[in-house]
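Output the structure for:
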Amino acid sequence: MSTNSLPVTAPPTEDLASQGGRVVLKIGTSSLLTDGRLDAVKLDRLCEIVHRGLVAGLRPVLLASGAIAIGRGRHPALAVDDPAALQVSAALGQSRLYSAVEAAFAERGVQTGQLLLTPPDLVEDERSGGVGHTLHTMLALGMVPVVNENDALGVRNNDVLAALLGGYLQAELLLLLTNVPGLYDSNPKLAPGARHIEEVPVLTAETERQAGGAIGDGGTGGMVMKLGACWIATFSGVRTVIAESADPDVLVAAHCGRPAGTVFHPRAVTGATPGIGTLWRAFRTPPVGALHCTPAGREVVLRGETVCHHHIAAVHGTIAPGDVVDICDQHGRPLARGPLSRAVEPGRPPTAPVVDGGDYVPIMEDLPCQ
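I've put the predicted structure just below:
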C-alpha cells in the first residue's frame, strides 16, 4: 500500500466557503463489516476510494457507519433492538471503529481526526460555529475529518447526518456508498427484472413509493432513509449520488459526473430555500402517516401557512405530535412534509394548529417554497 504523505492543500486562514472540492462521503455498515466484524478488505477499499479523491484534489469528509454493529458483539445482552442497548453498543463500538479507520488511513500517509456530532450541532446557530471552525481547519490542513452520529446519546441515522453536513458545508457532492449499485424501481433480489435508475432529475414522493421495496444496506439505514437524505441534500443544492462501494474510482467518477450509481440532481427551488433546520425536521425520518386536507386546507399549504384542525379531512396512520407526516390534498397526493405539531383529535377547536407554517417543506414538483 502507498505511504505517500499528502501535502497541506490550503493555509489554515482560508475561508471555508472558498475551499473548493468539498465532498461528503458516507459508507454504510455492510460496506465496512462482515458478520459484525470490521472487514480488512472492505476498509482498505474505502481508504483507496478516499485516497484517490485526495490525489484528485478533493477535500473529503467521511462518515463511517458500523459502531453499533461492532459494539453489539461485545456483550450478549446487547443483541436486542432496545434503545439503551443500541446506545451502549455505539459507545463500545465507536472507539474500535475509529481506531481501525485511523490506522488504515495512516498507512497511506493520511491524517484523520474524529468528530462525533448530532443534528443540532449543525442546525442550531449557537452550536454550529464551533463545528465549522473545526472542519475548516482540518480541511485546510489536508486532513480527513471522520464524522459519526453520536449514537451513545441517542440513535439516529448517518445518512441524514451526512446530508445535513453536505448542506452545511455547501459541498459539491454527497456520496452515499452502499452494497447495491444505486436505486432500483423494486427489490432486485426479489424481482429479477428490477430496473436500475441511473438519474433522478427531481425527487418526488412517487420515487419513494417505487423504492419502497428496494433493498438497503443494513445498519440503521436502508434505501428509504437514504432517500430522506437525498431530500435534504438536493433541497440544499447538493448533487447526491447513491452508489456501490466496490469501485475504488467511485468518488472521483461521481464528482466528475461520470456514470456512477444513481444521481440525484439539486432541486430548483422556487421561492425561499428551506433552512437546514426545517429540512432536518421534515426529512429526519420517513413519514409515519398522512394528513388529507380539505380544498381550503390545500390552499393554505400552497401559501405555506399554518395547517389547522378544520383544514384536515382525514388522518391516515397512527401519528403523534413530533412525527413526520405527509400533508396531502383531498385526493391523497402529497403536497408537503413536516412534523405534526399537535394531535388531530375530536373536540379540538377548529382553528387549533396542527402543522406550523414554515415547519413543513413542499415536496410536489413545481410547488413553491414560502
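
so where does Leu43 fall, helix or strand?
Using DSSP states H and E, the element containing Leu43 is helix 40-55.

Can you tell me which helices and strands that helix packs against?
Counting contacts by 3 or more Cβ pairs under 8 Å, 6 or more residues apart in numbering; DSSP states H and E, helix 40-55 is packed against strand 22-27, strand 59-64, helix 83-106, helix 250-256. For glycine as for every other residue, the C-beta is placed from the backbone atoms N, C-alpha and C.

Pull out the buried residues from it.
Residues of helix 40-55 classed as buried by neighbour count (16 or more other Cβ atoms under 10 Å): Lys42, Leu43, Arg45, Leu46, Cys47, Glu48, Ile49, Val50, His51, Arg52, Gly53, Leu54.

Can you tell me which of the helices and strands packed on helix 40-55 is packed in deepest?
Of the helices and strands packed on helix 40-55, the one with the most neighbours on average (mean count of other Cβ atoms under 10 Å) is strand 22-27, at a mean of 26.

Pull the residues that contact that one.
For strand 22-27, contacts defined as Cβ atoms under 8 Å, 6 or more residues apart in numbering pick out 46, 49-50, 53, 58-65, 139, 158-159, 162, 165-166, 169-177, 238, 245, 251, 255.

pLDDT of that strand, averaged?
Regarding strand 22-27, the rounded mean pLDDT is 97.

Which is the succeeding secondary structure element to it?
Next element after strand 22-27 (DSSP H and E): strand 33-34.

Give me the contact list for the next helix or strand after that following strand.
Heading C-terminal from strand 33-34, the first helix or strand you meet, by DSSP H and E, is strand 37-38. By Cβ under 8 Å, 6+ apart, the list of residues contacting strand 37-38 from outside reads Leu32, Gly66, Ile70, Gly73, Arg96, Leu97, Ala100.

residue boundaries of the strands in the stretch 201-350 of the chain?
Ranges of strands within the stretch 201-350 of the chain are 240-244, 262-264, 289-293, 307-308, 312-316, 324-328, 334-339, based on DSSP state E, counting those that start in this stretch.

So which other helices or strands are in contact with the second one?
For strand 262-264, the packing partners by 3+ Cβ pairs under 8 Å, 6+ apart come out as strand 199-200, helix 223-235, strand 240-244.

got a list of contacts for it?
Contact with strand 262-264 is made by 181-183, 196-200, 203, 230, 233-234, 239-243, 254, as judged by Cβ under 8 Å, 6+ apart.

Quick check: which element contains Leu135?
Applying DSSP H and E as the criterion places Leu135 in helix 125-140.

which one is Ala91 nearest to, not counting chain neighbours?
Ala152 (4.1 Å; Cβ to Cβ, 6 or more residues apart in numbering).

Quick one: residues contacting the one you found.
Contact analysis of Ala152 by Cβ under 8 Å, 6+ apart lists Gln87, Val88, Ala90, Ala91, Gln94, Leu116.

Would you mind reformatting those residues (as a markdown table) and adding columns for pLDDT and distance to Glu208 while you're at it?
Compiled in a markdown table, the contacts of Ala152 are given as follows (pLDDT from 0 to 100; distance: Cβ to Cβ, whole Å):
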| residue | pLDDT | distance to Glu208 |
| --- | --- | --- |
| Gln87 | 92 | 29 |
| Val88 | 92 | 33 |
| Ala90 | 90 | 28 |
| Ala91 | 92 | 33 |
| Gln94 | 93 | 31 |
| Leu116 | 93 | 30 |
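
Closest one to Ala343 out of those, please.
Proximity to Ala343 was ranked across the contacts of Ala152 by Cβ to Cβ; first place goes to Gln87, at 28.2 Å.

Helix, strand, or coil at the closest residue to that closest one other than its chain neighbours?
Spatial nearest neighbour of Gln87, excluding adjacent residues (Cβ to Cβ, 6+ apart): Ala152 at 5.3 Å. Judged by DSSP: H, G, I helix; E, B strand; the rest coil, the three-state class of Ala152 is helix.

Do you know the pLDDT at Ala152?
82.

Widest-spaced pair of the contacts of Ala152?
Val88 and Leu116 (15.2 Å).

could you pull out the helices for the stretch 251-370 of the chain?
Applying DSSP state H, counting those that start in this stretch to the stretch 251-370 of the chain gives helices spanning 276-283, 295-303.

Just put the ones you listed in a markdown table and tack on distance to Ile319, mean pLDDT and mean neighbour count.
Supplementary listing: the helices of the stretch 251-370 of the chain in a markdown table, determined by distance: least, Cβ to Cβ, whole Å; pLDDT from 0 to 100; neighbours: other Cβ atoms under 10 Å:
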| stretch | distance to Ile319 | mean pLDDT | mean neighbour count |
| --- | --- | --- | --- |
| helix 276-283 | 15 | 95 | 22 |
| helix 295-303 | 16 | 94 | 17 |
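
Reformat those as TSV; add distance to Ala352.
Below are those laid out as TSV (distance: least, Cβ to Cβ, whole Å):
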stretch	distance to Ala352
helix 276-283	20
helix 295-303	13
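
Nearest to Pro334, out of those?
Set against Pro334 and scored by Cβ to Cβ, those come closest in helix 295-303, at 10.3 Å.

rewinding a little: how close does the residue nearest to Ala91 sit to Tyr184?
Counting by Cβ to Cβ, to the nearest Å, the gap from Ala152 to Tyr184 is 34 Å.

likewise Thr137?
In terms of Cβ to Cβ, Thr137 sits 40 Å off from Tyr184.

Please say which of the two ends up with more neighbours.
For Thr137 versus Tyr184, neighbours defined as other Cβ atoms under 10 Å are more numerous around Tyr184 (21 against 16).

Please verify my assumption that the more buried one contacts Pro192.
No: the criterion here is Cβ atoms under 8 Å, and Tyr184 misses it with Pro192 at 11.3 Å.
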